[in-house]
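Student: sharing a model prediction with you, sequence too.
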Amino acid sequence: MKTILFTITLALTSLILTAQTSTDESIEGTSLTVTVSLNGTGGHILLSLHNEDSFMKNPLDASSSEIKDGKAIFTFTDLEPGEYALVALHDKNDNKRMDFEPTGRPSEAFGISNNVMLMGPPQWNDAKFELGVTSLDMEIRL
């Protein structure tokens, strides 16, 4: 159990430490627009984009956004077609890391692309999706 919690903590801390603020600059190419929806308030949503080699390590791209009306919207631009995965975290207290209850359970909501219910650390095969040559919109529910 400690190994699983340590793995989740390490992976999400890596994700959060590399988070960057979104910009409005638009580059031509395939784009991915992600809406993260949740029932919580306060803090920010942190979202990272991964390929298989970077999954739960250093993301290809990461961003942070305010929550407005229970949603945060992100856009990744100029992406090459291929397999990707997303990891999202509701950083309620804006400390840029996942917090845990005394029992070891996460105290902040997190989720992955494909909205798979997790019973341990996120897995690539559960989160991966195919991005083609056309832009894609998706939703992650926390």
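Tutor: Yep, it's here.
Student: and the helices in the protein, which stretches?
Tutor: 2-17, 124-127 (DSSP state H).
Student: what comes up buried for the shortest one?
Tutor: Residues Ala127 are the ones in helix 124-127 that count as buried (16 or more other CB atoms under 10 Å). Just so you know, the C-beta spots here come from the backbone N, C-alpha and C atoms, and that holds for glycine as well.
Student: what's the answer for stretch 64-84, then?
Tutor: Ser64, Ser65, Ile67, Ala72, Ile73, Phe74, Phe76, Thr77, Leu79, Tyr84.
Student: excluding sequence neighbours, find me the nearest residue to the fifth one.
Tutor: Looking back up the chat, that one is Ile73. Distances taken as CB to CB, 6 or more residues apart in numbering place Thr35 nearest to Ile73, at 5.3 Å, with adjacent residues excluded.
Student: quick one, grab the pLDDT at that neighbour.
Tutor: In this prediction, Thr35 carries a pLDDT score of 97.
Student: what distance do you get for Met119 to Thr41?
Tutor: 26 Å (CB to CB, to the nearest Å).
Student: which one's more surrounded, the two?
Tutor: Thr41 (10 against 6; other CB atoms under 10 Å).
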